[in-house]
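> have a look; sequence and predicted model below, questions after that.
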Amino acid sequence: MTQANNTHSKTVGYVLWLFGFTGAHRFYYGKPVTGTLWFFTLGLLGLGWLIDLFLIPSMDRQADLRFRSGRIDYSVAWILLAFLGFFGVHRMYMGKWITGILYLCTLGFLGIGYLYDFWTLNDQITVVNATG
């Protein structure tokens, strides 16, 4: 696989896996349904979280095939969302300044927009990368 198709990082996946009982790594790799399940069950009571330690390389390959690389780096955007998402920094990074500022003033639309972005960030980045 060429570097141009490397949209997601195993390193970022493993860092998010540390918070895996919240499903963060599954959202990162474009699996919002199971990410939500992990969130509400604390990583399937920890068992799914441990199994994912071995599944991350496969999830990384699947994400690299599924998503489009471009000017917006998926890993940077996801790190910004995970740690500064309530402040809209990830949206500003993608060039979505108006919603970024609104997130900043409303703590990510009171958390609802923040959760929405966990579900849709990969697709948002793909659209931006396809148009820019």
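Nice, I can see it. Numbering: from 1, shown residues only.
> now do the contacts for the most centrally placed residue in the chain.
Among the residues of the chain, the one closest to the centroid is residue 28, at 3.2 Å (CA atoms, centre = their mean). Residues counted as contacts of residue 28 (CB atoms under 8 Å, 6 or more residues apart in numbering) are 8, 12, 13, 16, 63, 74, 78, 122. For the C-beta atoms, the positions are set from N, CA and C on the backbone; glycine is no exception.
> report the buried members of those.
8, 12, 13, 16, 63, 74, 78, 122 (16 or more other CB atoms under 10 Å).
> what packs against the host helix or strand of the fourth one?
Looking back up the chat, that one is residue 16. Per DSSP states H and E, residue 16 falls inside helix 10-17. If you count contacts as 3 or more CB pairs under 8 Å, 6 or more residues apart in numbering; DSSP states H and E, helix 10-17 packs onto helix 24-28, helix 47-66, helix 74-84.
> and these, which is most packed in?
Most buried of these by mean neighbour count (mean count of other CB atoms under 10 Å) is helix 24-28; its value is a mean of 28.
> how far away from the center of its chain is it?
Centre-to-centre, helix 24-28 and its host chain are 5 Å apart (CA atoms, centre = their mean, to the nearest Å).
> quick one: mean pLDDT over it.
Averaged across helix 24-28, the pLDDT comes to 96.
> can you name the element that comes right after that helix?
helix 32-45.
> flag every buried residue along that next one.
By neighbour count with 16+ other CB under 10 Å, helix 32-45 contains the buried residues 32, 34, 35, 36, 38, 39, 43, 44.
> could you do stretch 114-127 as well?
Neighbour counts over stretch 114-127 (16+ other CB under 10 Å) mark 114, 117, 118, 121, 122, 124, 125, 126 as buried.
> pLDDT weak spots in the protein?
1-4 (pLDDT under 70).
> follow-up on the earlier one: so which of the contacts of residue 28 comes closest to residue 54?
Of all the contacts of residue 28, residue 13 has the smallest distance to residue 54: 12.0 Å, by CB to CB.
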